[in-house]
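Chemist: output the structure for:
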Amino acid sequence: MTEERENLPQLPKGWIWEKLGSLAQEINPGFPSGKWVRGEKQGIPHLRPMNISSDGSVDLTDLKYVNRNNYDPLIKGDILFNNTNSPKLLGKTAYIKENTIWAYSNHMTRIRLFLPLLHPSYIAYFLHHLFLSGFFMMNCVHHVNQASIGSEFLRQKVFVPLAPYNEQGRIVAKIEELFTRLDAGVESLKKVKAQLKRYRQAVLKYAFEGKL
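Modeler: Numbers count the residues shown, from 1 in each chain. Sure thing, here's the model as predicted:
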């Protein structure tokens, strides 16, 4: 057992630490855009760092297009990792839920897993957890005005706490259930804040109308 494995936390029975590189068929960045296609929605969508949100979802609100005939599109089960960004935003990760015609830039890395014993969403959530915990920010290579995480680092230095297959599915289902509740809570808070704003406005209005 390597020193790196020995320094990792103890896992529940039946779990193992495994290098991401041992779980993946491919860990490869995309291609530079060259010139963006002029005109709305011409060519193929080309995902960039801003197309992964800080909550780990794909965001298509600011989408660029490129002309490209020979490319390997993102498909269901792929994981998209932001390999170049500011240190704080480096490592945002999203799971691709459906087959797409999307390409991805050289600032993004596609991780395509060996699927029989893996839930890709489980791996994607773990990588996004590392992003939120600051792991990639602490281990990045710094450049002028940005930082990066290379494919070799992902292969050799990222260890995944691999649960049994059925347990992976249960964990993903529980994460998504709790995230749904959190999203509902956020919406409720937004409504309460809006109501409070209206209430404050009403208090001031009544105060200066002599109605308090």
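
Chemist: surely residue 87 touches residue 141?
Modeler: No. Contact criterion Cβ atoms under 8 Å: residue 87 and residue 141 do not qualify, at 10.0 Å. The C-beta positions use only the backbone N, C-alpha and C, and glycine is treated the same way.

Chemist: for the two, indicate the residue with more neighbours.
Modeler: Set residue 87 next to residue 141 and count neighbours by other Cβ atoms under 10 Å: residue 87 wins out with 15 against 12.

Chemist: what's the local residue count around the nearest residue to residue 52 once chain neighbours are set aside?
Modeler: Spatially, and ignoring its direct neighbours in sequence, residue 52 is nearest to residue 92 (4.3 Å; Cβ to Cβ, 6 or more residues apart in numbering). Residue 92 is flanked by 25 other residues according to other Cβ under 10 Å.

Chemist: please report phi then psi for residue 92.
Modeler: Phi and psi for residue 92, reported as degrees, to the nearest 10, are phi -50, psi 140.

Chemist: with residue 19 instead?
Modeler: According to degrees, to the nearest 10, residue 19 has phi -60, psi 140.

Chemist: which one is it nearest to, not counting chain neighbours?
Modeler: Residue 19's closest residue in space is residue 159 (Cβ to Cβ, 6+ apart), at 6.0 Å.

Chemist: from memory the one you found sits against residue 18, does it?
Modeler: Yes. Using Cβ under 8 Å, residue 159 is in contact with residue 18, at 6.8 Å.

Chemist: compare these two (neighbour count), which wins?
Modeler: Under the criterion of other Cβ under 10 Å, the comparison of residue 159 against residue 18 puts residue 159 first, with 18 against 15.

Chemist: could you measure from that one over to residue 211?
Modeler: Using Cβ to Cβ, to the nearest Å, residue 159 is found at 65 Å from residue 211.

Chemist: ok, which stretches of the chain are helices?
Modeler: Applying DSSP state H to the chain gives helices spanning 3-6, 20-23, 120-133, 135-139, 151-157, 165-207.

Chemist: deepest of the ones you listed, which one?
Modeler: Each of these was scored by mean neighbour count; the highest is helix 120-133, a mean of 20, by mean count of other Cβ atoms under 10 Å.

Chemist: residues in contact with residue 86?
Modeler: 145, 146, 147 (Cβ atoms under 8 Å, 6 or more residues apart in numbering).

Chemist: again, but for residue 81
Modeler: Residues near residue 81 by Cβ under 8 Å, 6+ apart: 91, 92, 93, 108, 109, 110, 111, 127, 149, 154.

Chemist: does the first one really touch residue 127, like I thought?
Modeler: Yep, that's residue 91 we're talking about. Yes. Between residue 91 and residue 127 there is a contact under Cβ under 8 Å: 7.2 Å.

Chemist: one step back: between residue 87 and residue 141, what contacts are shared?
Modeler: With Cβ under 8 Å, 6+ apart, residue 87 and residue 141 have common neighbours residue 147.

Chemist: mind listing the residues bridging to the residue nearest to the spatial centre of the chain?
Modeler: Centroid-nearest residue in the chain, with Cα atoms, centre = their mean: residue 93, separated by 2.0 Å. Judged by DSSP bridges, the bridge partners of residue 93 are residue 81.

Chemist: just residue 160 next, same as before
Modeler: residue 18.

Chemist: wait, doesn't it sit right on residue 126?
Modeler: Yes. Counting by Cβ under 8 Å, residue 160 touches residue 126, with 5.7 Å between them.
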